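**Student:** quick one: sequence plus predicted model below, questions after.
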Amino acid sequence: MASHDADLSYEANRQSNKHSGKNPMEFYKVMQRYIPIVIINIIIIVIMGYFISPLSKVGTVSVEGNQAVYDQQIIDESGIRGGDSLIKTVREKEATVSNVVNSLPQVSDSTIEVTGFNNILIQVKEFNTVAYIANESSYLRVLENGTVLDDAYSVSIGNQPVLTKFEEGDTLDQMIEELSKVEMPILNLISEIELVTSRTNPLFIRIYMNNGNRVLSSIPTFAEKIPYYPQMVKAVNGKKGVFDMEVGVYFTPFVDGQTEESGLDEDEREVLEEFNG
């Protein structure tokens, strides 16, 4: 009798589990069908949440590497604004970089990258300013690539030399090309470069140095010879005067304010043999 009751109890439990859906295998099969759907829905929710969140928009826009061009000029030319779509901004960054470089003649190169979660950093490289052209009562900036900027300044900025008596044309182009070959520390020693039109050599220049000396040269050999100037000063023990580099290298000391046009005999000139080889 007890055995019969046990069989009835087992059968009742089996039927109960069958109808209640607690079969482990069936449960796992159901989960295998629904887990991918749940994951896809979660991904969709996350994506939708990102696009409606502030992280999908450009936060701050900053600039690095610029000295002569203002931050706001670069930002304006980039066209990037806070609140723009971050994905669109990243997708169009190459076109944005081209626009910055083409619109700002002082910018030689640029890159755009995302910093943090949604901030934009514009990095730029600029052409060096090698000189200023004296233009009546104002000064025009000359870049190392030969570009003369239209922006006029009431005074020259920095230590770059000022070009005087130059006009637009081949002579100015040659002078700028020579300047671009000279290292900045040497250029910073020069106050002014004057084109001397009274000589038979149409490319003859007079160079006024910051320490009071003068250098005579010809434009085609300027970049070759001017780097030796500091050594030449040492060779004459720091005396003030005129270094003539047009043909060979000679030094004429100042005497009572006399200049290279004071009529000194050539015998009074000092030949700097070591720089004439």
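**Tutor:** Perfect, thanks for sending it. Residues are numbered from 1 along each chain as shown.
**Student:** how much space separates Ser191 from Val162?
**Tutor:** For Ser191, the distance to Val162 (CB to CB, to the nearest Å) stands at 7 Å. Every C-beta, even on glycine, is put in place using the N, C-alpha and C of the backbone.
**Student:** setting aside sequence neighbours, what's the nearest residue to Arg141?
**Tutor:** Leu149 (4.5 Å; CB to CB, 6 or more residues apart in numbering).
**Student:** confirm that the one you found sits in a strand.
**Tutor:** Yes: assessed by DSSP: H, G, I helix; E, B strand; the rest coil, Leu149 belongs to a strand.
**Student:** please tell me how far it sits from Asn211.
**Tutor:** 29 Å.
**Student:** these two: which is more packed in?
**Tutor:** Each of Leu149 and Asn211 has its neighbours counted (other CB atoms under 10 Å); Leu149 has more, 17 against 11.
**Student:** and the helices in the stretch 51-200 of the chain?
**Tutor:** For the stretch 51-200 of the chain, the helices defined by DSSP state H, counting those that start in this stretch occupy 71-78, 86-91, 93-103, 170-179, 184-187.
**Student:** let's have the ones you listed in a markdown table, adding mean pLDDT, mean neighbour count and distance to Phe254.
**Tutor:** Below are the helices of the stretch 51-200 of the chain laid out as a markdown table (pLDDT from 0 to 100; neighbours: other CB atoms under 10 Å; distance: least, CB to CB, whole Å):
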| stretch | mean pLDDT | mean neighbour count | distance to Phe254 |
| --- | --- | --- | --- |
| helix 71-78 | 94 | 17 | 46 |
| helix 86-91 | 90 | 15 | 62 |
| helix 93-103 | 93 | 15 | 48 |
| helix 170-179 | 92 | 18 | 26 |
| helix 184-187 | 92 | 14 | 22 |
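**Student:** Val130 is nearest to which of those?
**Tutor:** Closest to Val130 of these is helix 170-179 (CB to CB; 4.2 Å).
**Student:** contacts for the closest one next, please.
**Tutor:** 130-131, 133, 142, 144, 146, 148, 161, 163, 166, 187, 193, 195, 202-203, 205, 219-220, 222-223 (CB atoms under 8 Å, 6 or more residues apart in numbering).
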